[in-house]
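*Asks:* Task: produce atomic coordinates for the following.
(chains A and B)
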Amino acid sequence: MAKQISVFLENKAGRLSRVTRVLGTAGINIRALSIADTSDFGILRLIVNEPDRAYQVLKENGFTVSETEVLAVQVADSPGGLATVLEQMHEENLNIEYLYAFIGTSGNDALVVLKVEDSEKTSAIFRQKGIKFLDESQLYRL
Amino acid sequence: MLYWDKEKECMPREELEKLQLRRLKETVFRTYAFVPTYKEKLGQVGITAEDIRSLDDLKQLPFTTKQDLRDNYPFNLFAVPMSEVVRIHSSSGTTGKPTVVGYTKKDIEIWAELMARALISAGATKNAVIQNSYGYGLFTGGLGIHYGAERIGASVIPTSGGNTRRQVMLMQDFGTTLLTCTPSYALFMYEAMLEGGIEPNDLKLKAGVFGAEPWSESMRREIENKLGINAFDIYGLSEIIGPGVAIECSCKNGLHIAEDHFLAEIIDPLTEEVLPDGCPGELVITSITKEALPLIRYRTRDLTTLERTRCDCGRTHVRMQKVLGRSDDMVIIRGVNVFPSMVESVLLNIPGVEPHYLLIVDRKGNLDQLEVQVEVSERLFSDEVRKLEELGGLIRKDLESNLGIGVKVRLVEPKSIPRSEGKAQRVIDKRNV
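*Replies:* You can find the predicted model right below:
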């Protein structure tokens, strides 16, 4: 399982650049990101190489931040690779809150960041079914 | 010490009313004799001091408004020659000509007595260390509190407003036991404590006397919990004397108006009719001991109710409820009266919502719109859009059922709503621009 950093952002000019600059200055590398937005606000979700420090510096700079558990799932980097994983999840009734793709790969596999309702249960089923996902140390080292 | 001046504060009603009648007659006599505006006003209703036989006759007297003060700018309402005036205070004049108020030596003396009563009522003693963070200067808050604090023999730290980091440092180093400032500034200081790594419970701070802006019961709970203190409401306005016109006692069921110096009435702001006790309306005050600037039936624009039932603290003076709002702060949205304090009450009853909010009123087409901005604290935040939207929806529903109008809730980043070191600005009305 991995830690995702989530940041509350108002839909206002310059907010995203501010977050990335704060992280950049602190020497923190962004490995994956996605933004969920509404007309008023957005939620920036980040996978970084040092999540705990990222949380701290963002907080110190006045952002509303939280840490969330997510799964970095390895899927075959070929047509149908993601579909196979999602179908297996569907069979097991595992609901996905959201997902986004990771920059870079792990060996021959593509990486997808998954937020599920129950990450304990999901990871147990993944192990059973042979769906691979990275643990924290592997992920941050990529 | 329970009272500063037991004889006056707990005076039997009958005796108090006799004193009030005598002082009212004197005031009418003096204003008629020395203030041309009052000579004219009183002449119009045909009343002189001799016509006043009971306190009930008060309601026949003419009102005084803020406009009267402006029309007589700067000193024409003064009832004494300038040689007798020892102090002048003034409003900021942001909404027109400033209103100017003057004090004789005796007025200053009475003011200090009233503030002494107020601080004692909030639990202060001569051993108190009082940090006075009301602005010193033309504003009456700073000097008003200061004189009262010295009168009771407390140690005053005259920090005035601003430089919050230093305020908090001095609070810690000097061992402040009582803080005086606006309630919004108290919360701002709390944030500064957290940022400076100061744990409020480690401070010696025991109580706060907060005023100069309306604040709700929920705001009181918020301040008391966060700072770990007892928070008292104080009321006053420069036109009448400044802070100390009314103060809460330990019962916290209303603010005792110093009735040996002021007569209080509640009127319907539209019909100007006097309303019975318990009815909400505009507070009208007559100062009956002021020498430099006596005002008859001054319309305060503050909305509250009066309560004359006996208070457990033993004081016999009438109580006004916490001010609901100023009729100036009230915004009328699609015909509905909305006070920032109503919004505040709703917001602070939702767990995790911070006491920082802003009302933005705008007109789209012909329709007034109210947007309420709420800061998203870490406790409220979720990484899921759906949950944040649910939160916004919950706040909106709560506001709408309490205010009776449609509201848009905008979630904003923490500390993006401007903090105030004095009176907080709660409303931006873009319709007037």
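*Asks:* tell me which residues form a beta bridge with the one residue in chain A that gets nearest to chain B?
*Replies:* Distances between chain A and chain B by CB to the nearest CB are smallest at A:Ser6, namely 3.5 Å. Bear in mind the C-beta positions are built from the backbone N, C-alpha and C, glycine included. Judged by DSSP bridges, the bridge partners of A:Ser6 are A:Arg45, A:Ser66.
*Asks:* quick one: it and A:Thr68 touch, right?
*Replies:* Yes: the criterion here is CB atoms under 8 Å, and A:Ser6 meets it with A:Thr68 at 5.5 Å.
*Asks:* can you give me the helices for the stretch 301-433 of chain B?
*Replies:* Using DSSP state H, counting those that start in this stretch, the helices assigned to the stretch 301-433 of chain B run over residues B:340-348, B:385-403.
*Asks:* Tell me which of these is the most buried.
*Replies:* Comparing the helices of the stretch 301-433 of chain B by mean neighbour count (mean count of other CB atoms under 10 Å in any protein chain shown), helix B:340-348 comes out on top with a mean of 21.
*Asks:* what packs against that helix?
*Replies:* Helices and strands touching helix B:340-348, by 3 or more CB pairs under 8 Å, 6 or more residues apart in numbering or on different chains; DSSP states H and E, are helix B:217-227, strand B:325-326, strand B:357-364, strand B:367-375, helix B:385-403.
*Asks:* which of the residues in the fourth one are buried?
*Replies:* It stands for strand B:367-375. Neighbour-count burial for strand B:367-375, counted by 16 or more other CB atoms under 10 Å in any protein chain shown, picks out B:Asp368, B:Gln369, B:Leu370, B:Glu371, B:Val372, B:Gln373, B:Val374, B:Glu375.
*Asks:* neighbours around the one residue in the stretch 151-300 of chain B that gets nearest to chain A, how many?
*Replies:* Of all residues in the stretch 151-300 of chain B, the one sitting closest to chain A is B:Glu195 (9.4 Å; CB to the nearest CB). Each residue near B:Glu195 was counted by other CB atoms under 10 Å in any protein chain shown, and the total is 13.
*Asks:* Run through who's touching the lowest-mean-pLDDT helix or strand in chain B.
*Replies:* Ranked by mean pLDDT, DSSP states H and E, the weakest helix or strand in chain B is strand B:325-326, scoring a mean of 80. Strand B:325-326 is contacted from outside by B:Pro214, B:Arg301, B:Asp302, B:Leu303, B:Phe339, B:Pro340, B:Ser341, B:Met342, using CB atoms under 8 Å, 6 or more residues apart in numbering or on different chains.
*Asks:* chain center to that strand, what's the gap?
*Replies:* 9 Å (CA atoms, centre = their mean, to the nearest Å).
*Asks:* What strands flank that strand, and is each parallel or antiparallel?
*Replies:* Partners of strand B:325-326 in its sheet, by DSSP bridges: strand B:298-304 (antiparallel).
*Asks:* now the strand it pairs with against helix B:340-348, angle please.
*Replies:* Using axes from the mean of the first three to the mean of the last three CA atoms, to 10 degrees, the inter-axis angle of strand B:298-304 relative to helix B:340-348 is 20 degrees.
*Asks:* can you give me the strands for the stretch 1-150 of chain B?
*Replies:* B:85-90, B:100-104, B:129-132 (DSSP state E, counting those that start in this stretch).
*Asks:* With B:Val376 as the reference, measure out to A:Leu46.
*Replies:* 17 Å (CB to CB, to the nearest Å).
*Asks:* Output the strands of the stretch 1-150 of chain B in CSV, with mean neighbour count appended to each entry.
*Replies:* Compiled in CSV, the strands of the stretch 1-150 of chain B are given as follows (neighbours: other CB atoms under 10 Å in any protein chain shown):
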stretch, mean neighbour count
strand B:85-90, 17
strand B:100-104, 24
strand B:129-132, 25
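*Asks:* Among those, which comes closest to chain A?
*Replies:* strand B:129-132 (26.5 Å).
*Asks:* Now the helix-or-strand element of chain A with minimal mean pLDDT: buried residues?
*Replies:* Within chain A, no helix or strand scores below helix A:136-141, which has a mean of 78 by mean pLDDT, DSSP H and E. The neighbour-count check on helix A:136-141 (16+ other CB under 10 Å) flags A:Leu139, A:Tyr140 as buried.
*Asks:* just stretch B:159-168 next, same as before
*Replies:* Buried, per 16+ other CB under 10 Å, within stretch B:159-168: B:Thr159, B:Ser160, B:Gly161, B:Thr164, B:Gln167, B:Val168.
*Asks:* By pLDDT, give me the weakest of those residues.
*Replies:* When the buried residues of stretch B:159-168 are compared on pLDDT, B:Gly161 comes out lowest, with 89.
*Asks:* ok, now how distant is that one from B:Ile240?
*Replies:* From B:Gly161 over to B:Ile240 the distance is 22 Å, taken as CB to CB.
*Asks:* just B:Tyr298 next, same as before
*Replies:* 6 Å.
*Asks:* List the residues that are in contact with both of the two.
*Replies:* In terms of CB under 8 Å, 6+ apart, B:Tyr298 and B:Ile240 are both contacted by the residues B:Ile285, B:Ser287.
*Asks:* rewinding a little: need the buried residues of stretch B:159-168 in CSV (columns: secondary structure and distance to chain A).
*Replies:* Output for the buried residues of stretch B:159-168, formatted as CSV (DSSP: H, G, I helix; E, B strand; the rest coil; distance: CB to the nearest CB, whole Å):
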residue, secondary structure, distance to chain A
B:Thr159, coil, 25
B:Ser160, coil, 27
B:Gly161, coil, 23
B:Thr164, helix, 15
B:Gln167, helix, 20
B:Val168, helix, 18
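*Asks:* which residues touch the closest residue to B:Glu291 other than its chain neighbours?
*Replies:* Nearest residue to B:Glu291, sequence neighbours excluded (CB to CB, 6 or more residues apart in numbering or on different chains): B:Thr104, at 4.2 Å. Contact analysis of B:Thr104 by CB under 8 Å, 6+ apart lists B:Val80, B:Glu84, B:Val85, B:Val86, B:Glu291, B:Ala292.
*Asks:* Can you check the pLDDT for B:Thr104?
*Replies:* B:Thr104 is assigned 98 on the pLDDT scale.
*Asks:* do B:Asn432 as well
*Replies:* 61.
*Asks:* Need the helices of the stretch 301-433 of chain B in TSV (columns: mean pLDDT and distance to B:Gly46).
*Replies:* Formatted as TSV, the helices of the stretch 301-433 of chain B follow (pLDDT from 0 to 100; distance: least, CB to CB, whole Å):
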stretch	mean pLDDT	distance to B:Gly46
helix B:340-348	90	40
helix B:385-403	93	45
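*Asks:* Spell out which parts of chain A neighbour chain B.
*Replies:* Residues of chain A lying close to chain B (CB under 8 Å from any CB of the partner chain) are A:4, A:6, A:8-10, A:15, A:36-38, A:40-41, A:43, A:45, A:59, A:62-66, A:68, A:97-98, A:115.
*Asks:* Of the residues you listed, select the buried ones using a PyMOL command.
*Replies:* Typed into PyMOL, the next command selects the buried ones out of the residues of chain A next to chain B (criterion: 16+ other CB under 10 Å):
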select buried, chain A and resi 4+6+8+9+10+15+36+40+41+43+45+63+64+65+66+68+98+115
